[in-house]
Structures are given as structure tokens and as C-alpha cells.
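# Next input, structure requested:
(2 chains)
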Amino acid sequence: MVLAALELAPALETFKQQNEGKSASEFEQAWQVFLAQVQGSL
Amino acid sequence: VSNQAGQAHAFMAMTPVIEDQEHKLRELLQGFTQQTSPFAALGQTHFARWVIIRDWVNSRAQPRQDHLGCPYLIFTSNLHGPIEVYLDALCARAEAAAIWSHCAGAPQPACGEALKAYLLHNQIDTGFFVAAYPEASVEEVRASLALREQLIAFSVSSQGMDTETLQSAFRAAFP
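Numbers count the residues shown, from 1 in each chain, chains lettered A, B, ... in the order given. Next up, the predicted model:
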């Protein structure tokens, strides 16, 4: 669990950078993809 | 033999318990809770414990039986940073003095530089040390677990939000 958790911070930072300035609907889609990608760590 | 894996260090010391004091020492150790354990106050501790052993487990296959002459206190810790710095912090604690005052050969009072020297004298090198996350400090591990909890909470609470509310809530939660 800790190993997976350690990977969350960099993944979240990348997500934030990639989705800065996106529209709300684009952000929502990206958020769902992000959640699917990190669900194994949650 | 290595007491180090990345940023993590291993320390182990084995000290003889004074005759007739095993019970008192055991009671003292068992009295610690997660909150009152000195490890809770030592922020560099990944994992640590005290164990009292009465004897070795011997196998019939051994060529010679090996027994201890008295109970021993084993202290092991996986810690972040230099061992000496960690021991300085540990040996300054009243709990450490109370614990090792039950051990034969320990300085009286069992604290400070004298206790540190005693522990280093009784140190046993680690035969095989593997750190689960060798590059992460204790602080980083705690921060990662807290972020994980925050993400879980946000993913649950944001269900059903419209897209604009979701975006602004995310920005507020993860600035």
C-alpha cells in the first residue's frame, strides 16, 4: 500500500499540469481517466 | 552484511536483562500504546520494536545446541538517516532510560552518550537488510499516505458533481 501511495504524488502533479487551463468538461473526462489509472493505489 | 538500504538504516542491539527484572521490563514494554510509545515521538522511525527472548530456538539438526545464559532484550529499528543521530534522539528519552535500566551493564542512569555507547557496543550487524521503499523518508511515506486518504475522500465526495463544480472543488482540494 505504501509503495503504491508513494506513486500518487507524482501522478497527481502530472495530472494537474496536463489539465491546467482545460475546460470543465475536458477536466471531468481527464479526471475519470486519472481515477481509473490510480485506482489500484487507492 | 549491510546496515543500509538507500536512505534506510537498520539497527539492532541485544542486551542481557538483569536477573529477576524480566517481568518488570516486560510490563513496561507492554504498557506502551501507539500514542505513548517513544517511537511515536521519534519521527525517523520506519519500524521498530523491542522483544524479550529467553532462549534461542534450537534444532535437532544443529551440531551443537546453543542457549542463552539469561533473557535478552532485542531492540531493532528501521530508520531514516544516520544511526548515530537516531540514537542521540532515542537515548535522550526518559522511556529509553527506563527500559535499558533493566539491562546488565547499562550505564546508570541509562541515558545520553553513555547509553548510546552501550547500545553501539551491543550492536549486531544486520545480515540481510531490505527496505521496502529505500528512497522514501518517513516524512515522505506519511505524506503519501495522507495524500492517498485525501484522494479517496475527494473521489467519493465528488461523485455526482457537475463538471464545473468538480473542477473548482479539485482546485480547492489540490491547489
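# which strands and helices sit next to the longest helix belonging to chain A?
When chain A is parsed with DSSP state H, its longest helix is helix A:24-38. The contact analysis (3 or more CB pairs under 8 Å, 6 or more residues apart in numbering or on different chains; DSSP states H and E) places helix A:24-38 against helix A:8-18, helix B:163-173. Heads up, the C-betas are built off the backbone N, CA and C, glycines and all.
# what do you get if the cut-off is 6 Å, keeping everything else the same?
Counting contacts by 3 or more CB pairs under 6 Å, 6 or more residues apart in numbering or on different chains; DSSP states H and E, helix A:24-38 packs against helix B:163-173.
# looking only at pLDDT, what's the mean for the helix it packs on?
Averaged over helix B:163-173, pLDDT sits at 95.
# go on, stretch B:38-54?
93.
# now stretch B:146-160
Throughout stretch B:146-160, pLDDT has a mean value of 93.
# buried ones in it?
B:147-148, B:151, B:154, B:158 (16 or more other CB atoms under 10 Å in any protein chain shown).
# how about that stretch against chain A, any contact?
Yes. Residues of stretch B:146-160 contacting chain A under CB under 6 Å from any CB of the partner chain: B:147-148, B:152, B:155.
# B:Q159: what secondary structure?
At B:Q159 the chain is in coil, as set by DSSP: H, G, I helix; E, B strand; the rest coil.
# ok, now B:E149?
Once three-state DSSP is applied, B:E149 turns out helix.
# can you check the one 5 residues further on too?
When the structure is split into helix, strand and coil by three-state DSSP, B:F154 lands in helix.
# Please report how far it lies from B:R171.
11 Å (CB to CB, to the nearest Å).
# B:Q159 too?
18 Å.
# Over to B:V130?
40 Å.
# Could you pick out the residues of chain B near chain A for me?
Within chain B, the positions adjacent to chain A are B:133, B:136, B:141, B:144-145, B:147-148, B:152, B:155, B:163-164, B:166-167 by CB under 6 Å from any CB.
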